[in-house]
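**Student:** Prediction below, plus the sequence it came from.
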Amino acid sequence: MTRKFRYASVLLLISCMALPLSAQDFYPGHDAEVLRGEVKMELEPIYGGFIDEEYPLDADTLRRRALEEAAMFYSAMIYGWSFHYDIGERARGIAEEFELTPLGSIPWGDPGLFVTEAGVRDMRLHLWTDYRMTDTQKRRTAMWRAGSMRNVQAIGHGGPLGGQAENGDWMSIRKAGLEDAARAAIRAMLRGSERNRPKEVSGFICLAAFPQYWMDAGRWAASARFRVQVSEIVPFAAY
């Protein structure tokens with residue numbers, strides 16, 4: 001496909017994507033009931049990654065990917081995860097283990113999720129979305145903003161580039177980068193608050209805003225800001 005046809009496809013894509021996910025009327029508002037975030041999708045293949053995929057992606061595939069990614073981020077902002085982190089220590093032969101358990105999710109087709117703006121810059125589709133929360137979801141986000149939560153930012157990494165990636169594999173890489181950033185955020189928080197490294201820690205964590213992704217030494221990197229509540233810290237002295 002020539003560059004001329006690629007740009008024509010992108011323009012058609014934008015006109016198709018600036019529509020709500022559901023058949024409801026478009027909701028343009030931004031207020032305390034609405035979360036907002038931007039998703040960036042590659043329109044050209046990245047060297048060494050997804051090289052067997054056919055580019056440019058068709059409008060339906062790109063739209064679905066963008067909305068699935070947005071739903072993943074909104075789920076992490078509203079519901080978050082419970083976590084258990086065995087910090088690990090090489091000198092004692094203790095392996096590092098990190099577990100995240102989602103506390104809820106936004107399904108495909110959720111009527112609260114809308115596309116509000118779409119544009120192309122630097123061969124990326126920039127998609128702005130709104131999520132209109134229910135009363136229950138508003139109460140959850142209010143809980144995450146409580147004073148007992150700690151705000152931490154960190155960088156994590158997803159899987160290596162290379163080979164073909166189906167939609168699920170592509171989402172898994174993005175998800176892995178976000179979850180590794182959560183691990184790094186908890187570790188950084190503990191370094192700043194605990195004099196001695198604990199053996200393990202448990203609690204709850206949520207995403208505070210949409211993360212940023214970029215390429216770092218052949219892997220996807222994710223920079224994200226989180227809110228963390230620690231419920232239990234187990235020191236090495238207990239063992």
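**Tutor:** That came through fine.
**Student:** what's around the residue nearest to Ala184 when sequence neighbours are not counted, how many residues?
**Tutor:** Excluding its sequence neighbours, the residue lying closest to Ala184 (Cβ to Cβ, 6 or more residues apart in numbering) is Ala154, at 3.8 Å. C-beta: built from backbone N, CA, C; applies to glycine. A count of neighbours around Ala154, defined by other Cβ atoms under 10 Å, yields 19.
**Student:** Go ahead and list the helix or strand containing Ala154.
**Tutor:** Assigned by DSSP states H and E, Ala154 falls within strand 150-160.
**Student:** for that strand, which positions count as buried?
**Tutor:** Residues of strand 150-160 classed as buried: 150, 152, 154-159 (neighbour count, 16 or more other Cβ atoms under 10 Å).
**Student:** Make sure the residue nearest to Ala184 is actually in contact with Val228.
**Tutor:** No. Using Cβ atoms under 8 Å as the test, Ala154 is too far from Val228 to be in contact (10.4 Å).
**Student:** what's the angle from the longest strand anywhere in the chain to strand 150-160?
**Tutor:** The residue-count maximum for a strand in the chain (DSSP state E) belongs to strand 219-234. If you take axes from the mean of the first three to the mean of the last three Cα atoms, to 10 degrees, strand 219-234 sits at 130 degrees to strand 150-160.
**Student:** What residues of strand 219-234 count as buried?
**Tutor:** Of the residues in strand 219-234, 219-222, 224-230 count as buried by neighbour count, 16+ other Cβ under 10 Å.
**Student:** Among those, which has the minimum pLDDT value?
**Tutor:** Ranked by pLDDT, these bottom out at Arg219 (84).
**Student:** Next, the contact list for the residue lying closest to that one once chain neighbours are set aside, please.
**Tutor:** Sequence neighbours aside, His157 is the residue nearest to Arg219 in space, at 4.8 Å (criterion: Cβ to Cβ, 6+ apart). Residues near His157 by Cβ atoms under 8 Å, 6 or more residues apart in numbering: 176-177, 180, 216, 219-222.
**Student:** Mind doing that once more with 7 Å?
**Tutor:** Going by Cβ atoms under 7 Å, 6 or more residues apart in numbering, His157 touches 177, 180, 216, 219-221.
**Student:** Which helix or strand contains the residue at minimal distance from the centre of the chain?
**Tutor:** The centroid of the chain falls nearest to Phe73 when counting by Cα atoms, centre = their mean (4.3 Å). According to DSSP H and E, Phe73 maps onto helix 59-78.
**Student:** Check which element follows the helix or strand of the chain with the lowest mean pLDDT along the chain.
**Tutor:** Sorting the helices and strands of the chain by mean pLDDT, DSSP states H and E puts helix 3-17 at the bottom, at a mean of 52. Next helix or strand after helix 3-17 toward the C-terminus (DSSP H and E): strand 34-42.
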